[in-house]
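In: next input, structure requested:
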Amino acid sequence: MVTLNVTSTAGGGETHLRQGIYVHPLPPPGPLVVAVRWEARGVGETRIELDGTEILAGAARARQVWS
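Out: Reported below is the predicted structural model:
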């Protein structure tokens, strides 16, 4: 299990939300199922399968901004 910690960056509109997340530890290569729900807004559990390899590739492109 990978814990997704919601960051303070978010944006969106009436019908969508864009939310930054911090993933630690990084997932293994291969399929990764993400499940979310927002009971306060009446959103039942929704699942999507992502490619952990793509997340690892994105992490490899990350650059340190400050130390």
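In: which secondary structure element of this protein has the lowest mean pLDDT?
Out: Every helix and strand of the chain was ranked by mean pLDDT, DSSP states H and E. The lowest is strand 3-12, at a mean of 60.
In: nearest spatial neighbour of R47, skipping sequence neighbours?
Out: Spatial nearest neighbour of R47, excluding adjacent residues (C-beta to C-beta, 6 or more residues apart in numbering): A35 at 4.7 Å. Yep, even glycine has a C-beta here, placed from its N, CA and C like the rest.
In: and that neighbour, helix, strand or coil?
Out: strand (DSSP: H, G, I helix; E, B strand; the rest coil).
In: could you do V65 as well?
Out: Here V65 is coil, with the state taken from three-state DSSP.
In: same check on P28?
Out: Going by three-state DSSP: P28 is coil.
In: mind listing what the nearest residue to it once chain neighbours are set aside touches?
Out: Nearest residue to P28, sequence neighbours excluded (C-beta to C-beta, 6+ apart): G52, at 5.6 Å. Going by C-beta atoms under 8 Å, 6 or more residues apart in numbering, G52 touches 26-32.
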